[in-house]
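Asks: Predicted model and sequence follow; I will ask about them next.
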Amino acid sequence: MTLASLAVQLLNGLADASAMFMVAAGLSLIFGVTRIVNFAHGSFYMLGLYLAYSLVDRLGATPWGYWAALLLAALPVAALGALVELTILRRIYRAPELFQLLATFALVLVIKDAALWYWGPEDLFGPRAPGLAGAVQVLGRRLPQYDLLLMAIGPLVFALLWLLLNRTRWGALIRAATQDREMLGALGVNQAWLFTGVFALGCFLAGLGGALQGPRLPANLALDLDTIGTAFVVVVVGGMGSIGGAFAAAVLIAEVKALCIALGTVSCFGIELSLSRLTLVAEFLVMAVILVVRPWGLLGKPLALVRAASHHEAPLRAASQRERWAAMVLLAALLALPLLAGRFPYLPVLMVEILVAVLFAASLHFLMGPGGMVSFGHAAYFGLGAYAAALVTLRLQWPMPLAMLAGAGTAMLAALLFGWFCVRLSGVYLAMLTLAFAQIVWAAIYQWDDLTGGSNGLVGLRTAAALASPLAYYYLALLCSALGVYLLRRVIHAPFGLALRAARDASGRAQALGMDVRALQWGGFALAGLFCGLAGVLFAFSKGSISPEVAGVNRSVDGLVMVLLGGVQSLAGPLLGASVFTWLQDLVARETDYWRALLGGVILLLVLLLPGGLAGAWRRAGRPGEGA
Amino acid sequence: MGSVAARAQDTIRIGEINSYKAQPAFLEPYRRGWEMALDEINASGGVLGKKLEVIARDDNGNPGDSVRVAEELMARERVALLFGGFLSNTGLALTDYAKQHRVFFLAAEPLTDKIVWQNGNKYTYRLRPSTSMLVASVVKEAVKLKKKRWAIVYPNYEYGQSAVASFKTLMKQAQPDVEFVAEQAPPLGKIDAGAVTQALADAKPDAIFNALFAADLGKFVREGNTRGLFEQVDVVSLLTGEPEYLDPLKGEAPQNWIVTGYPWYAIHTPEHKKFVEAYRKKFNDYPRNGSLVGYSALMSIAAGLRKAGSTDADRLAAAFSGLKVETPVASIVYRPQDHQSTLGAFVGRTGLKEGRGVMTSFTYIDGAALQLPDAEVKKLRAPD
């Protein structure tokens, strides 16, 4: 590769960086002020692109009309953002941390189906930008004129945002809210409108970022999730809430990718390494490295405490006599369930699915609730458990019990490895580092064809002959799941669990009492990984074939949804959440073509009606006065 | 299981599993295809004296769900057989499900060779030409170009990887002096088109082999046009001639590329004209490649049921071996040796007509001509 081609590749990277920055800046602003992890940000970006396509179609005959259409496309997106903030998010600011994630997840589902309904399934590619359709010669190579414009727009938006934040009163309020929003409220500033305004501005940037991509990429329905991952990474690498950091991170990540592509295939010590394939996880590798070295991102600072959210959670009680009886009755009912299998032959199959989800959610909840560490990458342990068990069965012909141990053990080892790095961080940074590790695991599984079968996965896994019938397998799943949930409960009420909760609620005091907080949290990771791995093993044997999707980000998100839907603060909540979510998914998918929107709608409704999760509502109904 | 359904009423229930929400651009037309076939079959009196009923399920593009809905269809809906699949991994999961539970499964769309070779089994048949058949269909044209330096770009997952592997092998056999000077494997759906285009151009290839499709293809074509990548370079491109992928490119559709696809506008046989007219009448839209596949899949099943005279999985599997089916584009046979149908590929050059991309000067290459020698197939495929 010549120096000239390298230079032009770096310019390509700059154009991509601009696009990334627009989306990430809005996300970062929203998080900084409202502390909402806006999972729907990619959907707003996608909407911007679709709207730009439609508007260009109507107005784009003249150059003026074309550029007006691009700008106008961002306005409805901003309006929709404001509407979402007013009607949904505003009602749940007081809900436990991350609960808003559930609402924005539901929005993703609804917006995707709405876009499918309105714009149809086909990719929609808008025309080129008038006046900027051609290319300019740079170092003997052609560079699209439009890329030059994007390169200019990125820094321009950055400068405007800087002026807004640093030279206007509204900007001062935003910065104040980022640092201490209760104090700002106490000073008489109407926070509600500030939040709405910031949310709308963030969505405007996302919409504009999408609209500006119109001449470069077709509007399609996969853009929302493709974008949100990268946007989160940019925000976190830059430092949550830091616009300058987001800009630096966008440039860094885009250039790393451009470099990977430019280098192509390289030979190193006789090994052919395809760097272009590395673009699959380049951003997550960058994030892992940055977070290990700089725990708050490039330009971020430790997050200011949000007082409202940092209230201590009520200590967990041991189960009362009545609750114990209820649990025994439930277990007896589950044991007797196969009596119904004659009339409902699908029931055992669905129940296995639910039991696997319950164990998965319980292990995630152990980390999130008592451990106080949110994981965005819990699927990694699920996937590793599934793959390890499948590999020792298929390649080494290990018997099933040994394979189950191998799966759970591998997951635990991975949790120990990743946890060692993660417990050095906190809050959203910790969550994003777990995501980075999970994506690296996913990419390794996805690319390591010889071992894992690549994107096709492993096929032909069989259970021991005695467990081949659905009923027998149901009892195995019930045994593992019930035992797992019981053991996790025991741990939570044992000295280790008490110490873990102390470390979560008052880390400083716990340390003063001689507890090794990091070691405790590390242990929490190991246990969560172990049981999550077991869930993965059960999944693998129940399906007979697995693919990299078992370790994919969707599964991690599903886990979060289950736990949040059930309620983080109770032990039974996640079990309930997992059961309801799995059952709903199975049910609505059969009822309508637009099942995604329906599922999203149901979740939104639950979020609005039950801001403490399902278990919170249960508790409130049972004992008035003890709010969530 | 089949006997239960057959006894039950006067319908034969058929389960269909696909990733409708994850891959709508291809699968909406596909659904219409089998819907139309279903109406035609039932209007002419059904099969074995019974009406057909298709119960479709969405698997969300993930193999775990494919297996779950398969179990649901078998246990709850009591379907007699299964068809569908789009992605390689969901297709393989269903292939294995069919083997494990002795259920007949017709893989309609999935392209991976493994469905009929390494993971092939008694109960699984496949309609669409496989990745390696598609590659074989364009290699002859690629060799005719007599280009030495090839650059390669493909989406980084099974279909792309195996397409490239087949292409390299076949090219080296036919043209030993061929060189592969650059290789780019962007993640599926997330190509950094500018950088990839430039990296390919910097390698100064004489020709390009492309396996990108959908949104990746659109981005690549636009960047390539702007940056002049395709001037003076021949391009061989899989799937690009399918309306699903060519039509979104509109006036910017590439010209003179060698592609596989489905030129529905220019196939003038009476059978095909009838198919297009019926489709237009029913849906007020033109058929895509998916429509053809969906239609032919259900028509194959009807033919198989007639030949078997029963819904029993073993008898169906036996009936499909060597089964002849008339599709709108050709008459096909399900090969006994590997259960692959001989549905072939349209190979031609792309061009522009009235502001949209079309295939010009194409030929239909029969699938039987795109196969490995039987001895090699036998080595790849475990005995049933």
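Replies: Yep, that arrived.

Asks: For the rest of this, base every contact and every neighbour count on C-alpha atoms.
Replies: Noted.

Asks: Get me the contact residues on the stretch 501-628 of chain A for chain B.
Replies: Counting by Cα under 8 Å from any Cα of the partner chain, the residues of the stretch 501-628 of chain A lying close to chain B are A:K543, A:G544, A:S545, A:I546, A:S547, A:E549, A:A589, A:R590.

Asks: mind redoing it with 7 Å?
Replies: Residues of the stretch 501-628 of chain A lying near chain B by Cα under 7 Å from any Cα of the partner chain: A:K543, A:S545, A:I546, A:S547, A:E549, A:A589, A:R590.

Asks: Those residues into CSV, with extra columns for pLDDT, secondary structure and neighbour count?
Replies: Formatted as CSV, those follow (pLDDT from 0 to 100; DSSP: H, G, I helix; E, B strand; the rest coil; neighbours: other Cα atoms under 10 Å in any protein chain shown):
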residue, pLDDT, secondary structure, neighbour count
A:K543, 93, helix, 24
A:S545, 91, strand, 29
A:I546, 94, strand, 32
A:S547, 93, coil, 29
A:E549, 93, helix, 22
A:A589, 83, helix, 19
A:R590, 84, helix, 16
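
Asks: Could you dump these into JSON lines with distance to B:D192 added?
Replies: Converted to JSON lines, these look like this (distance: Cα to Cα, whole Å):
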{"residue": "A:K543", "distance to B:D192": "35"}
{"residue": "A:S545", "distance to B:D192": "32"}
{"residue": "A:I546", "distance to B:D192": "29"}
{"residue": "A:S547", "distance to B:D192": "25"}
{"residue": "A:E549", "distance to B:D192": "23"}
{"residue": "A:A589", "distance to B:D192": "34"}
{"residue": "A:R590", "distance to B:D192": "37"}
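
Asks: and the helix or strand hosting A:R509, which residues are buried?
Replies: Secondary structure from DSSP states H and E places A:R509 in helix A:507-512. Burial within helix A:507-512, assessed by neighbour count using 16 or more other Cα atoms under 10 Å in any protein chain shown, is assigned to A:S507, A:A510.

Asks: would you put the C-alpha positions of it in CSV?
Replies: Taking Å, rounded to 0.1, in the frame of the first residue of the first chain, the C-alpha atoms of helix A:507-512 are listed here in CSV:
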residue,chain,number,x,y,z
SER,A,507,-19.0,0.5,48.7
GLY,A,508,-16.9,2.8,50.9
ARG,A,509,-18.3,1.5,54.1
ALA,A,510,-18.0,-2.1,53.0
GLN,A,511,-14.3,-1.5,52.3
ALA,A,512,-13.9,0.2,55.7
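
Asks: need the strands for the stretch 251-384 of chain B, in chain order.
Replies: For the stretch 251-384 of chain B, the strands defined by DSSP state E, counting those that start in this stretch cover B:258-261, B:324-326, B:331-333, B:345-353, B:356-365.

Asks: Show me the contact partners of the first one.
Replies: Going back to what we said before, that points to strand B:258-261. B:235-242, B:345-350 (Cα atoms under 7 Å, 6 or more residues apart in numbering or on different chains).

Asks: 6 Å instead?
Replies: By Cα atoms under 6 Å, 6 or more residues apart in numbering or on different chains, the residues outside strand B:258-261 that reach it are B:V236, B:S237, B:L238, B:L239, B:T240, B:G241, B:E242, B:F346, B:V347, B:G348, B:R349.

Asks: So which of these is the closest to chain A?
Replies: Using Cα to the nearest Cα, B:E242 is the member of these that lies nearest chain A, at 12.6 Å.

Asks: what bridges to the spatially closest residue to that closest one that is not a sequence neighbour?
Replies: Distances taken as Cα to Cα, 6 or more residues apart in numbering or on different chains place B:G261 nearest to B:E242, at 4.1 Å, with adjacent residues excluded. Residues in a beta bridge with B:G261, per DSSP bridges, are B:G241, B:F346.

Asks: Is B:F86 in a helix, a strand, or coil?
Replies: Here B:F86 is coil, with the state taken from DSSP: H, G, I helix; E, B strand; the rest coil.

Asks: need the contact list for it.
Replies: By Cα under 6 Å, 6+ apart, the contact list for B:F86 reads B:E109, B:P110.

Asks: what number of residues lie near A:L86?
Replies: 16 (other Cα atoms under 10 Å in any protein chain shown).

Asks: Moving C-terminal from the strand or helix carrying it, which element do we reach first?
Replies: Using DSSP H and E, A:L86 maps to helix A:63-87. Counting by DSSP H and E, the element after helix A:63-87 in chain order, helix or strand, is helix A:99-119.

Asks: Could you confirm whether any residue of that following helix contacts chain B?
Replies: No - counting by Cα under 6 Å from any Cα of the partner chain, chain B has no neighbours in helix A:99-119; the shortest distance is 8.5 Å.

Asks: just the CA coordinates of that helix, formatted as CSV?
Replies: The C-alpha coordinates for helix A:99-119 follow below in CSV (Å, rounded to 0.1, in the frame of the first residue of the first chain):
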residue,chain,number,x,y,z
PHE,A,99,-36.1,0.9,33.5
GLN,A,100,-36.4,3.5,30.7
LEU,A,101,-34.3,1.1,28.6
LEU,A,102,-37.3,-1.2,28.5
ALA,A,103,-39.5,1.6,27.1
THR,A,104,-37.1,2.5,24.4
PHE,A,105,-36.6,-1.1,23.5
ALA,A,106,-40.4,-1.3,23.0
LEU,A,107,-40.1,1.7,20.8
VAL,A,108,-37.6,0.0,18.6
LEU,A,109,-40.0,-2.8,17.9
VAL,A,110,-42.9,-0.4,17.2
ILE,A,111,-40.9,2.0,14.9
LYS,A,112,-39.5,-0.9,12.9
ASP,A,113,-42.9,-2.3,12.1
ALA,A,114,-44.3,1.1,11.5
ALA,A,115,-41.6,1.7,8.9
LEU,A,116,-42.2,-1.7,7.3
TRP,A,117,-45.9,-0.9,7.2
TYR,A,118,-45.5,2.6,5.6
TRP,A,119,-42.4,2.2,3.4
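
Asks: Would you mind splitting chain A into its domains for me?
Replies: A:7-121+A:132-255, A:345-551 (the TED database).

Asks: residues from the stretch 301-450 of chain A in reach of chain B?
Replies: A:P345, A:Y346.

Asks: what about the stretch 301-450 of chain A, any weak spots by pLDDT?
Replies: A:303-314 (pLDDT under 70).

Asks: what ranges do the helices span in it?
Replies: Using DSSP state H, counting those that start in this stretch, the helices found in the stretch 301-450 of chain A span residues A:321-336, A:347-368, A:379-394, A:400-422, A:427-447, A:449-452.
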